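Participant: this one's structure only:
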């Protein structure tokens, strides 16, 4: 049943042993809408609807504070409006953007996340639309297949930008969760970047550690959709490279399972990692708020 | 001695046991120059100068036929002009581009490469300049450090585009050599793409095999600059994933060694792979022409 989606816990969560689900919605192009006031108003409306419809009535749902980053001032106001609500566990931005997220204009958003102890979640999916430039460095893909395949390039660029611009020196407690992009691309980003840092760091003296250290300390990855490596040990090797036992979180992408069942995707996880990916890492990233009762704060 | 560069074989090649060096030049932004006639004229001039100055006088140098892809007709004419010269061993395009390389407009270039039995070489380095869009999917990097780190995203997009648009179904003997981008990013491209292909292939029915098969059969990588993986076995694992014993070629980036000595970079290659990377794979990709005397064809 896809439309209307049946999100009663007994339909999906209970049979699969899911205690808590974080809702992210699907407004992935909000940050590349031309009109910043319209985008900010939509964000506020979606957040109120999320709280009222899902978070307040159901103990098992936690919400994300959706923001539209093209007007950082309104984005900060929205984080401040809802940032202490125990039903909201993260700030959510689409990764589609006119500018990479290290830029100074976005720093007040990170300051607000840190002020409320909230991780920042990014979600790919609006790349190449609205006021953004093409979805790749060399122009527009022609098919959905090509476009969807290229989406992690957006995260690579944001990660490099945030590290390069010193975001994690300025906000050392900021954590960033990356949705919907797999894991195999991260070692490349870390180690190309580390190599270049040795030769090029004079340009960015505030980048004091090797880039891989900032990346592993501040970014978290999610399991949907894990790449289709031909052998399970390839997955194990890459999880080893990215400290996956600490940095990988289960994600379901519910209700869009075009790429497969999210529980099948984590079938090949090393056994020693399973409990961490399915539960403990999320508690570590989101803190006590993830399991706290939310109704006490009803306004 | 950097300026003028001393490229006499006894200065660099002989002491390091290099028998043959393929010249690529540094005009990496030629394909994103606004004026296609100027770009094509520069390409012709550079090619003639390369032959006259380096390839004809020295047995050890082989040339690349530089083209400017924004006017495919002139690019094809240049390939046809020099494509049978035994001193030229590949066609060379900068990867910086207004459009990804799977687009139909570029297919005549691939047809010309195949007609002359020449591999196509891509070289990153002009991304985000001239008539191209920003160097990432989410806008312009702010520093050289950030920009240079992001460059392999250009290759990822071109690979996806060429596979998606069926270039290798149409030109099954085409080989593509990717310069200057490392190797760790390729497994991600293959296996994200393979996974999506299973769900999304109805859109591109001409993509008959899993994308990883086209990629491993048609693309070759080069060793400068290999990423700075913290442990040699990480490199070995990734070389295993990309069939590196067959797909990796040594490259020197001479005379720009800002990121280190190219011979140091291959120090951690598995011993069983060394002879292939340093010699045999190049002969396999470039064929007899790589070792053939070039002076016989002097015009």
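Facilitator: Thanks, I have the structure now. What you see is a predicted model; the values in this text were computed from it and never measured.
Participant: ok, which stretches of the stretch 51-200 of chain A are helices?
Facilitator: Assigned by DSSP state H, counting those that start in this stretch, the helices in the stretch 51-200 of chain A fall at A:72-82, A:107-115, A:144-150, A:152-164, A:167-170, A:186-200.
Participant: please name the residues that touch the closest residue to residue A:212 other than its chain neighbours.
Facilitator: For residue A:212, ignoring the flanking residues on the chain, the nearest one in space by C-beta to C-beta, 6 or more residues apart in numbering or on different chains is residue A:190 at 3.7 Å. All C-beta atoms are positioned from the backbone trio N, CA, C, and that covers glycine. Contacts for residue A:190 (C-beta atoms under 8 Å, 6 or more residues apart in numbering or on different chains) come out as A:211-212, A:215-216, A:242.
Participant: apply 7 Å and report the result again.
Facilitator: Residue A:190 sits next to A:211-212, A:215 when contact means C-beta atoms under 7 Å, 6 or more residues apart in numbering or on different chains.
Participant: try residue A:10
Facilitator: Neighbours of residue A:10 in contact, by C-beta under 7 Å, 6+ apart: none.
Participant: so where does it fall, helix or strand?
Facilitator: Assessed by DSSP states H and E, residue A:10 sits outside every helix and strand.
Participant: what of residue A:225?
Facilitator: Using DSSP H and E, residue A:225 maps to neither a helix nor a strand.
Participant: number of residues surrounding the residue nearest to it when sequence neighbours are not counted?
Facilitator: The shortest distance from residue A:225 to any non-neighbouring residue, by C-beta to C-beta, 6+ apart, is to residue A:259 (4.4 Å). If you count neighbours by other C-beta atoms under 10 Å in any protein chain shown, residue A:259 ends up with 21.
Participant: just residue A:271 next, same as before
Facilitator: When neighbours are counted by other C-beta under 10 Å, residue A:271 registers 6.
Participant: and it, how far is that from residue B:166?
Facilitator: Distance check for residue A:271 against residue B:166: by C-beta to C-beta, to the nearest Å, it reads 41 Å.
Participant: up against chain B, what does the stretch 1-150 of chain A have?
Facilitator: Residues of the stretch 1-150 of chain A lying near chain B by C-beta under 7 Å from any C-beta of the partner chain: A:95, A:97-100, A:127, A:132-139, A:141-146, A:148-150.
Participant: go through stretch A:56-63 and flag the buried ones.
Facilitator: Within stretch A:56-63, the residues scored as buried using 16 or more other C-beta atoms under 10 Å in any protein chain shown are A:56, A:58, A:60-63.
Participant: which ones are touching the nearest residue to residue A:129 once chain neighbours are set aside?
Facilitator: Among residues not flanking residue A:129 along the chain, residue A:29 sits closest, at 5.1 Å (C-beta to C-beta, 6+ apart). When contacts are counted by C-beta under 7 Å, 6+ apart, residue A:29 touches A:94, A:96, A:126, A:129-130.
Participant: and if you look at residue A:21?
Facilitator: Residue A:21 touches A:13, A:60-61, counting by C-beta under 7 Å, 6+ apart.
Participant: which SSE is immediately downstream of the lowest-mean-pLDDT helix or strand in chain A?
Facilitator: Lowest on mean pLDDT, DSSP states H and E among the helices and strands of chain A sits helix A:262-265, with a mean of 92. On the C-terminal side of helix A:262-265, the closest following helix or strand by DSSP H and E is helix A:271-275.
Participant: what's the mean pLDDT across that following helix?
Facilitator: The average pLDDT within helix A:271-275 is 96.
Participant: for that helix, buried residues please.
Facilitator: residue A:273.
Participant: what do you get for stretch A:17-36?
Facilitator: A:18, A:20-25, A:27-33, A:36.
Participant: which of those residues fall in helices?
Facilitator: Among the buried residues of stretch A:17-36, the members falling in helices (DSSP state H) are residue A:36.
Participant: inside strands: which ones of the buried residues of stretch A:17-36?
Facilitator: Mapping the buried residues of stretch A:17-36 onto strands (DSSP state E) picks out A:21-22.
Participant: how about the buried residues of stretch A:17-36, which pair is most distant?
Facilitator: A:18 and A:36 (35.8 Å; C-beta to C-beta).
Participant: what residue ranges in the stretch 151-299 of chain A score low on pLDDT?
Facilitator: Applying pLDDT under 70 to the stretch 151-299 of chain A flags residues A:294-299.
Participant: got the residues of it near chain B?
Facilitator: Counting by C-beta under 7 Å from any C-beta, the residues of the stretch 151-299 of chain A close to chain B are A:152-154, A:156-158, A:160-161, A:164-165, A:182, A:184-185, A:187-188, A:191-196, A:199-200, A:203-204, A:225, A:227-229, A:234, A:237, A:241, A:258-259.
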